[in-house]
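# mind folding the following:
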Amino acid sequence: MGFHQYLSGLSELEMINRAPGYFKYFPHSVAAHSWKVTQVAQFLGDVEEQHGHAVDWRLLYEKALNHDISERFIGDIRTPVKYASSELRHMLADVEESLADNFIRMEVPVEYREAYHRRLTEGKDDSLEGRILSVADKVDLLYEAFGELQKGNPEPVFMEIYKESLETIYAFRDMPSSAYFIRQVLPEMLAEEFPGSERLQRIYIAIFNAE
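You can find the predicted model right below:
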């Protein structure tokens, strides 16, 4: 028993495309998404520290790097299916947890199992690091959708992803890092003009002026 299966399986994440079943101008793999989310989480963590919040960087990096690693077992579920109901999301989470537990038991040496249980479980929790991950994941998803909409991708799912990502980022606006992204970064995105950009601005206004 060793880490061979774990290490060799990492290549599978390079082959799993996000938003499967939809036409995309810019295909993204799960591996690329994990790296980008880690970069975004690093930036958000810096903002939190600038506002006096203590960040557990090891925990943040572990959460960000590994947040979608369970997709090597079940792949990336199509977005409308994944979010069809809270019951379905819980069922998928249970399946992922069960498969990860089985993998750890069968492939990871005993002395390292505690660490990998921590890394392969759901990272989005109520800790600061878990909240940063929640925002970072949606920031990258927002940019993926925005890139497709810029190119005129007609798939309605990318407009849905754009809207849902904005809504989640807005829900975390009490965090300095999310507030910074909203005030300093998002306006630059919305200032870019292309056919259909007015619709994106209207969605932003509807969400951020809801109160």
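
# most centrally placed residue in this structure?
Residue closest to the average C-alpha location in the chain (CA atoms, centre = their mean): D137, at 2.4 Å.

# so who does A54 touch?
L128 (CB atoms under 8 Å, 6 or more residues apart in numbering). Where you see a C-beta, it was placed from the backbone N, CA and C, and this is true even at glycine.

# how far away is it from E129?
10 Å (CB to CB, to the nearest Å).

# swap in Y22?
31 Å.

# cool, and E87?
27 Å.

# higher neighbour count, those two?
Taking neighbours as other CB atoms under 10 Å, E87 and E129 compare with E129 leading, 23 against 8.

# wait, doesn't that one sit right on L60?
Yes - between E129 and L60 there is a contact under CB atoms under 8 Å: 4.3 Å.

# joint contacts of the two?
Contacts common to E129 and L60, judged by CB under 8 Å, 6+ apart, are G45.

# and the next element down the chain from the least confident helix or strand in the chain by mean pLDDT?
Ranking every helix and strand in the chain by mean pLDDT, DSSP states H and E puts helix 79-82 at the bottom, with a mean of 53. On the C-terminal side of helix 79-82, the closest following helix or strand by DSSP states H and E is helix 86-107.

# and that next one, how far out from the chain's middle?
For helix 86-107, the distance from its own C-alpha centre to the chain's C-alpha centre is 18 Å (CA atoms, centre = their mean, to the nearest Å).

# what residues does the next helix-or-strand element following that helix touch?
Along the chain past helix 86-107, the next helix or strand (assigned with DSSP H and E) turns out to be helix 113-120. The contact list for helix 113-120 (CB under 8 Å, 6+ apart) reads 62, 66, 69-70, 100-101, 103-105, 108.

# out of those, who has the most neighbours?
I69 leads these on contacts (other CB under 10 Å) with 23 neighbours.

# what kind of secondary structure is it in?
coil (DSSP: H, G, I helix; E, B strand; the rest coil).

# that one and F103: what is the separation?
Where F103 is concerned, I69 sits at a distance of 10 Å (CB to CB).

# likewise H90?
Applying CB to CB to H90 and F103 gives a distance of 20 Å.

# contacts only, for the nearest residue to H51 once chain neighbours are set aside.
Using CB to CB, 6 or more residues apart in numbering and skipping the chain neighbours, the partner closest in space to H51 is P176 (4.0 Å). P176 sits next to 47-48, 50-51, 53 when contact means CB under 8 Å, 6+ apart.

# which one of the residues you listed sits closest to G152?
Of all those, G152 sits closest to V47, with 32.8 Å by CB to CB.

# please, which helix or strand holds that closest one?
Per DSSP H and E: helix 30-50 holds V47.

# re earlier: next one: phi and psi at the residue nearest to H51?
When read as degrees, to the nearest 10, the backbone of P176 gives phi -60, psi -40.

# the strand or helix carrying L141: what's the following helix or strand?
Using DSSP H and E, L141 falls within helix 128-150. Following helix 128-150 in sequence order, the next helix or strand is helix 156-171 (DSSP H and E).

# returning to what we had before: of the contacts of P176, which is the most crowded?
E48 (21 neighbours).
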